[in-house]
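Q: Just a sequence and a predicted model for now, questions to come.
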Amino acid sequence: MLDVVSTFKMAFLLPDKYIDLLTDFGFKRVFGTEPNKALLIDFLNTLLPEHHRIQDVTFKNPEFFGRTSIDRKAIFDIYCEAVTGECFIVEIQKAKQNFFKDRSVYYATFPIQEQAQKGEWNYELTAVYTVGVLDFVFDDHKHEGTIIHTVELKNQHCEVFYDKLKFIYIELPKFTKSLDELESQTDKWLFLLKNLAQFEEPPAALREGVFNQLFSVAEIANFSQKEQTIYQESLKYYRDMNNIARTLIQEGREKGLKEGREEGREEGREEGREEGRGKERQRVVGQMKAAGLSTQEIAKYMGISVEDIEGG
């Protein structure tokens with residue numbers, strides 16, 4: 001027992017040397033601040049077509065309000081604009097969320113509307129990109145190996161109808177390459193997004209260019225005491241969300257199997273699943289409230305409205 005306690009204390013007193021990039025704090029510190037914008041530029045350029053490669057960016061206010069008082073608000077993780085006018089929304093999504101694709105489209109409308117000009121205007125728009133770094137896999141993609149999905153508007157002949165609105169989704173769980181298997185700059189970024197916090201020292205294969213800056217920026221010892229506290233809170237939240245998600249998935253599978261055995265008709269099975277999902281959602285919301293999460297945080301994670309939480 002003493003060995004277990006000692007190990008726990010050492011793990012608590014000696015945290016990881018580098019931050020986890022999938023935490024809110026870690027992601028925004030590395031990619032969302034002016035001194036570190038070279039990291040964001042390099043990362044985005046691995047995903048963009050050549051004609052929209054970025055030379056420089058300006059960070060913009062990540063909080064948007066609708067054009068009227070009844071319109072909903074949008075808060076982006078990172079929102080920036082290239083010197084050539086292209087707009088970029090970059091989001092980290094830690095857990096599967098209902099209507100995530102709908103939210104991506106909704107968010108993309110804000111930088112589009114922001115381009116409106118008073119008076120005479122020919123409606124020419126600059127490109128808008130939404131980049132989603134996902135710590136989950138879409139249900140309709142789980143049986144295919146593609147990791148990076150680029151979505152754009154096409155016509156019935158699968159020809160690009162409009163090339164100034166793109167959605168790029170990265171399904172990180174599908175990326176399984178080891179350090180020795182990394183071939184491209186994209187591979188290196190995806191590898192570090194998943195594994196940075198596991199290193200004690202920068203590996204030789206990544207001691208180059210922009211990654212030297214990344215390891216320096218991400219070293220927890222360089223944080224102020226306040227930053228370390230915020231990061232630990234962000235890390236706890238991230239791990240709590242992962243634990244809840246894993247529990248929810250496992251219980252959902254077990255419940256679905258049980259219902260499938262008990263119900264003879266498809267209609268009965270579906271009704272049972274809906275009822276079970278509703279009860280399970282209430283249970284998870286209750287756990288999140290007990291853990292001290294705000295209603296807004298719970299709504300974002302669960303993909304439901306604040307009204308549903310307060311009413312439930």
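A: Received the coordinates, thanks.

Q: Tell me the secondary structure of Glu144, please.
A: Under DSSP: H, G, I helix; E, B strand; the rest coil, the three-state class of Glu144 is coil.

Q: give me the number of residues near it?
A: Glu144 has 12 neighbours, counted by other Cβ atoms under 10 Å. Bear in mind the C-beta positions are built from the backbone N, C-alpha and C, glycine included.

Q: Same check on Gln115?
A: 14.

Q: Quick check: nearest residue in space to it, chain neighbours excluded?
A: Leu125 (5.5 Å; Cβ to Cβ, 6 or more residues apart in numbering).

Q: What pLDDT does the model give the one you found?
A: At Leu125, the model reports a pLDDT of 94.

Q: Look up how far Cys80 lies from it.
A: The spacing between Leu125 and Cys80, counted by Cβ to Cβ, to the nearest Å, is 17 Å.

Q: one step back: give the contact list for the residue nearest to Gln115.
A: Counting by Cβ atoms under 8 Å, 6 or more residues apart in numbering, Leu125 makes contact with 112, 115, 164.

Q: right, and Lys174 touches Phe138 too?
A: No. Using Cβ atoms under 8 Å as the test, Lys174 is too far from Phe138 to be in contact (10.4 Å).

Q: sorry, back to before: mind putting the contacts of Leu125 in TSV, pLDDT, secondary structure and distance to Leu182 included?
A: Below are those laid out as TSV (pLDDT from 0 to 100; DSSP: H, G, I helix; E, B strand; the rest coil; distance: Cβ to Cβ, whole Å):
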residue	pLDDT	secondary structure	distance to Leu182
Ile112	92	helix	36
Gln115	91	coil	38
Lys164	94	strand	32
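
Q: Bridge partners for the residue most central in space within the chain, pull those for me.
A: Most central in the chain under Cα atoms, centre = their mean is Ile92, positioned 1.8 Å from the mean C-alpha point. Beta-bridge partners for Ile92, by DSSP bridges, are Val133.

Q: Surely it touches Arg29?
A: No. Using Cβ under 8 Å, Ile92 is not in contact with Arg29, being 11.9 Å away.

Q: Distance to Gly132 for the contacts of Leu125 - can I get that in CSV?
A: Output for the contacts of Leu125, formatted as CSV (distance: Cβ to Cβ, whole Å):
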residue, distance to Gly132
Ile112, 17
Gln115, 22
Lys164, 18
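
Q: show me where pLDDT drops low in the stretch 1-150 of the chain?
A: Across the stretch 1-150 of the chain, residues meeting the criterion (pLDDT under 70) sit at 1-15, 64-74.

Q: Sketch out the strands for this protein, chain order is fine.
A: In the chain, the segments counted as strands under DSSP state E are 57-59, 63-64, 74-75, 78-82, 87-93, 128-134, 148-154, 160-171.

Q: And the ones you listed: which comes nearest Glu307?
A: Glu307 lies closest to strand 74-75 among these, at 17.5 Å (Cβ to Cβ).

Q: ok so, going back, what residues does the residue nearest to the centre of the chain make contact with?
A: Going by Cβ under 8 Å, 6+ apart, Ile92 touches 22, 24, 27, 77, 133, 135.

Q: measure it to Leu134 for me?
A: Using Cβ to Cβ, Ile92 is found at 8 Å from Leu134.

Q: what does stretch 25-35 contact?
A: Residues from elsewhere that reach stretch 25-35, judged by Cβ under 8 Å, 6+ apart: 19-21, 36, 39-40, 43, 59, 62, 77-78, 90, 92, 133, 214, 217-218, 227, 230-231, 233-235.

Q: buried set for that stretch?
A: Judged by neighbour count (16 or more other Cβ atoms under 10 Å), stretch 25-35 contains these buried residues: 25-32.

Q: Mind putting the residues you listed into a markdown table with distance to Ile309?
A: Shown next, in a markdown table, are the buried residues of stretch 25-35 (distance: Cβ to Cβ, whole Å):
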| residue | distance to Ile309 |
| --- | --- |
| Phe25 | 24 |
| Gly26 | 27 |
| Phe27 | 25 |
| Lys28 | 25 |
| Arg29 | 29 |
| Val30 | 31 |
| Phe31 | 30 |
| Gly32 | 28 |
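
Q: Which two of those have the greatest separation?
A: Spanning the widest gap among those are Phe25 and Phe31, at 11.5 Å by Cβ to Cβ.

Q: Leu172 versus Ile92, what's the distance?
A: Applying Cβ to Cβ, the value for Ile92 to Leu172 is 10 Å.

Q: list the residues that contact both of these two?
A: Both Ile92 and Leu172 are in contact with 22, 133, 135, where contact means Cβ under 8 Å, 6+ apart.
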